[in-house]
Structures are given as structure tokens and as C-alpha cells.
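K.L.:
Dropping the sequence and predicted coords here.
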Amino acid sequence: MSGAEDSKYTRAHVMGSRRREAIARMLAELIPVDPAWPVIEYGCGSGANLLALARAYGGGVRIIGVDPDPLALEIARQTMGLSYPLIRARMEDHVLAPSCAQMAVLSFVLHRVRSVVDGLAGVLHSLRPGGRVVVVTLSHRQIRNFCLRDWFPDLVEANLHRYPCISKLSQEIADVGFGDVDVQDFVHRFSWSEVDFSEFVLGTGSSNLARLPLGERERRLADFWESGKGKLERGWDASYTVLTATRPSHDCSAIDN
């Protein structure tokens, strides 16, 4: 996500999703927040997650969005009408004041950073002692169980290479200095009517499928509609992995100096 010229964002990707709303509600139930302290979303993209978080917390939370993609932030400001502070930066840039936030949310973003450890160190820098980091991602098991795996195996293969394994990610979170690392699976039940499959499949980031010529993508979607619709019409479970960790309350290290 180096700039507008290679951004994956278009106006068509602005809309929120039931997945975002469900994950935001889960976070609101899992982690209460203090209105006096902001929540940061790193990799906020076009802002759909920011809106979902604001709704889930009932508007009683200050939210800051951080993303290196200028086009994504432009969409967040103009198309979504966001009034939250939006900062163009990478999480490893340490652009926020140290110990300024109570929670940092990283939703499907760590597989895109140059260095997971450097990115997490930047997150630790921005959290107050006792602050929480929440990482939403996919395990390799969940990727292999992708509901469209029979029709789009190259998408599955690409994601297996892109997403870090959970055990390694948990260790990296601990190695950076976080404590109380916890890993949970989160399952959301989708119904057929909730998903625009064309947008769902073609909007999966920089997957191999999204890079295919339009004609090939349309052929695969047509094949799915022909053979796969009946298998999913009754709904299916989508599973994600949620990792939470805490900056130790006694942490007075040089990271804040």
C-alpha cells in the first residue's frame, strides 16, 4: 500500500460488511473502553471499520485512523464523510505520541506490513501501559476451509503464503513486549442474501484471483454460480482468529522516551 498508483481501493470498496459489523460488536463486548482515551485503527483503509467500531461502541469512543495509502484516506474523508483524525503513516513509523491510546485494532493488516515485529513495536509505542492490542486475522486452517476453496484454489494458495501462522504471530507479539497474549476463534454465520459474491471474491485484496484478466475472473464466477450456489444458499460459517494482548502496566521502557 505504497500510494495511489498501486492502491487496491476504489470507490466500489467503500461499503461496510456484515463481517466488519460483527467483529466490531465482538470487540465492544470483549474490551470496554474509556472515552477519555482514543482507540487507534492501524491499516484503517477506506474507513469502513472505523464506522463499524464507532457504531459498536455507541459513539462514546474517540477513534484515530492510520494508513499509508493516500487514496484510501481520501475515500475515508470524502466518500464516507469521516470526521475522525486520519493519519498517513505506517504503523512502524512512530508518528503518534507515545502512550497516547488505550487500544489498537489491526484488522486483516499484519500480512501486509514490511516487518511484523517493527509494526508491532510501533503499536506498543502508541499504547499506554495497560493498553490492549487486538489483531484480527486468519489461521492457515481457516484459510484452507474457505467457503469458495473448490472454485478458487489459487486464492487459498495465495493467502497461505500471505498470512503468518498463528503460533509465530503470537510469539512475535510477546517478543515485542506485550503480555497476556490470548488467541480465540470468532465465528460469524453468513446468509446468502448478505453477500455480493462478485464483490466478495474480486475484492479480496492482492490475491492471485484479483490479478487475473477480467474475462478469466468472470468465467470462474460463472462456474461458481452454476455449481456452488446450491451448497451455500442455506448459509455458512466464516471463522476468524482474534489475538489480544496487553502492554504491561509496569512498562516504563525507553520506547516512550
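P.N.:
Sure thing, it's come through.

K.L.:
so how many other residues sit close to Asp180?
P.N.:
11 (other C-beta atoms under 10 Å). In short, each C-beta sits where N, CA and C put it, glycine included.

K.L.:
same question, the one 5 residues further on
P.N.:
Applying other C-beta under 10 Å, we find 12 other residues in the vicinity of Asp185.

K.L.:
Now it: phi and psi?
P.N.:
Dihedral pair for Asp185: phi -90, psi 140, per degrees, to the nearest 10.

K.L.:
And the pLDDT at it?
P.N.:
Note for Asp185: predicted pLDDT of 91.

K.L.:
per-residue confidence for Arg162?
P.N.:
Confidence at Arg162, expressed as pLDDT, is 86.

K.L.:
actually Ala210, not the one I typed
P.N.:
Per the predicted model, pLDDT is 59 at Ala210.

K.L.:
Also Ala238?
P.N.:
Spelled out, the predicted local distance difference test score at Ala238 is 77.

K.L.:
what about the stretch 1-150 of the chain, any weak spots by pLDDT?
P.N.:
Counting by pLDDT under 70, the stretch 1-150 of the chain contains low-confidence residues at 1-18, 79.

K.L.:
what are the phi and psi angles of Gln184?
P.N.:
Summarising the backbone geometry of Gln184 under the convention degrees, to the nearest 10, its torsions are phi -140, psi 150.

K.L.:
Run a quick neighbour tally on it.
P.N.:
A count of nearby residues for Gln184, using other C-beta under 10 Å, gives 11.

K.L.:
how about the nearest residue to it once chain neighbours are set aside, what does it touch?
P.N.:
Of all residues beyond its chain neighbours, the one nearest Gln184 is Val242 (5.1 Å), with distances taken as C-beta to C-beta, 6 or more residues apart in numbering. When contacts are counted by C-beta atoms under 8 Å, 6 or more residues apart in numbering, Val242 is found next to Ile23, Met26, Leu30, Val134, Val135, Val136, Val183, Gln184, Asp185, Phe186.

K.L.:
Bridge partners for Val242, pull those for me.
P.N.:
Val136, Gln184 (DSSP bridges).

K.L.:
follow-up on the earlier one: which two among the contacts of Val242 are spaced furthest apart?
P.N.:
Between any two of those, the greatest separation by C-beta to C-beta is 15.2 Å, found for Ile23 and Val183.

K.L.:
Where does Val105 sit: helix, strand or coil?
P.N.:
Secondary structure for Val105, judged by DSSP: H, G, I helix; E, B strand; the rest coil, is strand.

K.L.:
Is it in contact with Val134, as I believe?
P.N.:
Yes - taking contact to mean C-beta atoms under 8 Å, the distance of 5.0 Å between Val105 and Val134 places them in contact.

K.L.:
More neighbours: those two, which one.
P.N.:
With neighbours defined as other C-beta under 10 Å, Val105 and Val134 compare such that Val105 has more, 26 against 20.

K.L.:
distance of that one from Ser249?
P.N.:
Using C-beta to C-beta, to the nearest Å, one gets 20 Å for the distance from Val105 to Ser249.

K.L.:
And for Pro70?
P.N.:
Plainly put, Pro70 is 37 Å away from Ser249 if you go by C-beta to C-beta.

K.L.:
Between these two, which has more neighbouring residues?
P.N.:
Counted by other C-beta under 10 Å, Pro70 and Ser249 do not tie: Pro70 has more neighbours, with 15 against 11.

K.L.:
looking at it, that one is touching Leu86, isn't it?
P.N.:
No - at 10.3 Å, Pro70 does not count as touching Leu86 under the criterion of C-beta under 8 Å.

K.L.:
related to what we said a few turns ago, overlap in contacts of Val105 and Val134?
P.N.:
In the contact map built from C-beta under 8 Å, 6+ apart, the residues linked to both Val105 and Val134 are Leu27.
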